[in-house]
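Q: build the 3D model from these lines:
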Amino acid sequence: MSPKVSQEHKEQRRSNILKAAREVFSELGYEHTTMKHVMERAGVSRGGLYQYFENKENLFEALIDAEQGEHIEANIQSMLQEHGSYWDVLLMSFLGESKQATNEMDALASSKLEYFVTGRHDESRMKHAQKRYADGYQMTASIIQEGVKAGEFSPRFEPDVMAKAIISHIDGMALDHAILDAETIQLKEQTEWLMGYLKWGLGVVE
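A: Numbers count the residues shown, from 1 in each chain. Reported below is the predicted structural model:
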């Protein structure tokens, strides 16, 4: 009889596979990555990989869902306690812990674009894309609305419009970055512009 594997061990193995998948998708892109690439990077057998993920699409969806979930599950109030202001929470939501403009783009950005654009006629992928957008929008709009209630923001535009504009700008930069390099699109400078425009548009109270 084979030894019983604990739930904790299974979760750790799944986490390790996702970590390896992130590395491979970041390096090769969605289309060029294969399950074999992930299997070799994670150091698992074919059966060990397919025990958790039935195909590449299923694996990639689990990967981006895990990343999205980390932001959504982070309660805005707990984020506020950690970062000190709704402005900082907003910056962290799309810039990460550093809250600084850099020439670095999300390593998975190109793969996400490949996945959703090439699958735009696939109903399952489109539902996934729509949910991903809705979750991102809801969190961003909620941060802005809470900032308004707290008297930290006095927006010149409706919060929902500003939330959508943030997402559209970031997605646009991700698309450009997938085609060009950071210096050509001036990723850092564009991000600084976005931060300045948001500060003005939100009427951030100093």
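Q: what residues are up against residue 164?
A: Neighbouring residues of residue 164 by C-beta atoms under 8 Å, 6 or more residues apart in numbering: residue 137. The way it works is simple: take the backbone N, C-alpha and C, and place the C-beta from them, glycine included.
Q: what ranges in the protein fall below the confidence cut-off?
A: Flagging of the chain using pLDDT under 70 yields the residue ranges 1-5, 68-74.
Q: need the helices for it, in chain order.
A: Using DSSP state H, the helices found in the chain span residues 7-32, 35-42, 46-50, 56-72, 76-83, 86-95, 109-118, 123-149, 159-179, 182-185, 187-202.
Q: buried deepest among the ones you listed, which one?
A: Across those, averaging neighbours per residue (mean count of other C-beta atoms under 10 Å) puts helix 86-95 on top, at a mean of 21.
Q: mind giving me the domain split of this structure?
A: Following automatic domain parsing, one finds the domains of the chain at 1-73, 75-206.
Q: what about the residue nearest to residue 191 when sequence neighbours are not counted, neighbour count?
A: Of all residues not flanking residue 191 in the chain, residue 101 sits nearest, at 3.7 Å (C-beta to C-beta, 6 or more residues apart in numbering). The number of residues packed near residue 101 is 18, by other C-beta atoms under 10 Å.
Q: surely residue 101 touches residue 196?
A: No - using C-beta atoms under 8 Å, residue 101 makes no contact with residue 196, being 9.9 Å away.
Q: quick check: residue 200 touching residue 154?
A: No - with contact defined as C-beta under 8 Å, residue 200 and residue 154 do not form a contacting pair (11.0 Å).
Q: now what about stretch 168-186, what contacts it?
A: 94, 103-106, 109-110, 112-114, 187-188, 190-191, 194.
Q: separation between residue 16 and residue 33?
A: Residue 16 is 17 Å from residue 33, where distance means C-beta to C-beta, to the nearest Å.
Q: what's the answer for residue 197, then?
A: Applying C-beta to C-beta, the value for residue 197 to residue 33 is 36 Å.
Q: kindly report the same for residue 175.
A: Computed with C-beta to C-beta, the distance linking residue 175 and residue 33 is 19 Å.
Q: got it, and residue 164?
A: Between residue 164 and residue 33 the computed distance is 31 Å (C-beta to C-beta).
Q: and what of residue 150?
A: The value you get for residue 150 to residue 33, if C-beta to C-beta is used, is 43 Å.
Q: which residues are in contact with the residue nearest to residue 41 when sequence neighbours are not counted?
A: Among residues not flanking residue 41 along the chain, residue 20 sits closest, at 4.0 Å (C-beta to C-beta, 6+ apart). The contact partners of residue 20, by C-beta under 8 Å, 6+ apart, come to 38, 41, 42, 43.
Q: distance of the last one from residue 52?
A: In this case it means residue 43. Using C-beta to C-beta, we find residue 43 at a distance of 14 Å from residue 52.
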